[in-house]
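Asker: Quick one, fold the following:
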Amino acid sequence: MSEPPPRGAERDIFRDTWVRYLGYANEVGEAFRSLVPAAVVWLSYGVSSSYVLADAVDKGKKAGDVQSPEAGRSTRVTVAVVDTFVWQALASVAIPGFTINRVCAASLYILGTATRWPLSIRKWTTTALGLLVIPVIIHPIDRSVDFLLDSSLRKLYPSVEKPSSS
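Answerer: Residues are numbered from 1 along each chain as shown. Alright, predicted model coming up:
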């Protein structure tokens, strides 16, 4: 989770509270993929995607409430929604989900070829490894997505000010 907001600053429910953890639901689903039905994994993606959508809508509403001579209201709202949605979709859902999926698949394969452990032990070990990797990958992925968007999409925005999506 991000640092607490400065005194007097508005608390962002999607960034500064437990709600932020809903964005990680798909990583947890991917970690448990070898143990649970596929529907549970897809449900975890539904939870994460709902978080992404809700955060994008929230940032759009907040951008619409700001008085600024820099750009029109609809432009501010569009930039806020698009930037938040793309950032969150990449940093909270797509890249971490793929990463945990591949870490778990590789570890299950390696454990299957390198050990004689029973399948249930290999699956639980893979799940534990997937869960342990989640906190390790979060910040590098967040910073990489910041760099990617700063180098591409954010150059297209009419505003000089960078949206605060991360």
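
Asker: Next up, phi/psi of the spatially closest residue to residue 23 that is not a sequence neighbour, please.
Answerer: Sequence neighbours aside, residue 92 is the residue nearest to residue 23 in space, at 3.9 Å (criterion: CB to CB, 6 or more residues apart in numbering). In this view, the C-beta of every residue, glycine as well, is placed from N, C-alpha and C. Backbone torsions for residue 92, taken as degrees, to the nearest 10, come to phi -110, psi -20.

Asker: Quick check: which element contains residue 102?
Answerer: helix 95-114 (DSSP states H and E).

Asker: Now do the following helix or strand past that helix: which elements does it pack against?
Answerer: Per DSSP H and E, the first helix or strand lying C-terminal to helix 95-114 is helix 119-151. Under the contact criterion of 3 or more CB pairs under 8 Å, 6 or more residues apart in numbering; DSSP states H and E, helix 119-151 touches helix 25-31, helix 73-88, helix 95-114.

Asker: Quick one, which of these gets closest to residue 156.
Answerer: With respect to residue 156, and counting by CB to CB, the nearest of the helices and strands packed on helix 119-151 is helix 73-88 at 9.2 Å.
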